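Chemist: A structural model of the following input is requested.
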Amino acid sequence: MNPEMFSKVISKIHEAYYGEKLLLKKVSDTEITLINKNEIFTIENHVKTRFRVVFPDYIGKISAFRNLFGRIMNNGDNICDTSDFIDLPKSHVVSIYNYIYHKDINDITKLKDY
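Modeler: Next comes the predicted model:
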């Protein structure tokens, strides 16, 4: 698993939830930036065992992603936060990737705020 692979899943979720694709810009092997017309998201893997997804702000879209990740990992109580990022262990990133990657975008749309 690497930031570029995980960024494709983040972009797919964003497209399913908000109808917008995110443009991928590779910063380095450990950091990817995803952008749309008004927002910047960052996927970082500076520490080998952890990933960080940084959102444009600490309210709004980040809540939908927290809820989805919590549902996939069956641990919604462990990811509640008031920051603009979500830290995940690599094992969770792999599970989220495997759950979302092959799922049809229409099925992902149905998961919003489940």
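Chemist: could you export the longest helix belonging to the chain as CSV, CA atoms only?
Modeler: Using DSSP state H to define each element, the chain has its longest helix at helix 3-18. C-alpha atoms of helix 3-18 as CSV (Å, rounded to 0.1, in the frame of the first residue of the first chain):
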residue,chain,number,x,y,z
PRO,A,3,-0.3,7.0,-0.8
GLU,A,4,-1.0,7.0,-4.5
MET,A,5,-3.1,3.8,-4.2
PHE,A,6,-5.0,5.1,-1.2
SER,A,7,-5.5,8.4,-2.9
LYS,A,8,-7.5,6.7,-5.6
VAL,A,9,-9.9,5.3,-3.0
ILE,A,10,-10.2,8.7,-1.3
SER,A,11,-11.0,10.2,-4.7
LYS,A,12,-13.5,7.5,-5.5
ILE,A,13,-15.3,8.1,-2.2
HIS,A,14,-15.3,11.9,-2.9
GLU,A,15,-16.8,11.4,-6.3
ALA,A,16,-19.5,9.0,-5.0
TYR,A,17,-20.4,11.4,-2.1
TYR,A,18,-20.0,14.8,-3.8
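Chemist: now for that helix, which elements pack on it?
Modeler: Packed against helix 3-18, as judged by 3 or more C-beta pairs under 8 Å, 6 or more residues apart in numbering; DSSP states H and E, are the following elements: strand 23-28, strand 31-35, strand 40-44, strand 50-54, helix 61-73, helix 90-101, helix 105-109. From N, CA and C alone the C-beta is placed, and that goes for glycine too.
Chemist: which one of the ones you listed lies closest to Glu4?
Modeler: strand 31-35 (5.5 Å; C-beta to C-beta).
Chemist: re earlier: orientation of the longest helix of the chain relative to helix 61-73 in degrees?
Modeler: For helix 3-18 against helix 61-73, the angle by axes from the mean of the first three to the mean of the last three C-alpha atoms, to 10 degrees is 110 degrees.
Chemist: who's in contact with helix 3-18?
Modeler: Helix 3-18 is touched from outside by 20-22, 24, 26, 29-32, 34, 36, 41, 43-45, 51, 53, 61, 64-65, 68, 93, 96-97, 100-101, 105-106, 108-109, 111-112, with contacts defined as C-beta atoms under 8 Å, 6 or more residues apart in numbering.
Chemist: fine, thanks again, bye for now.
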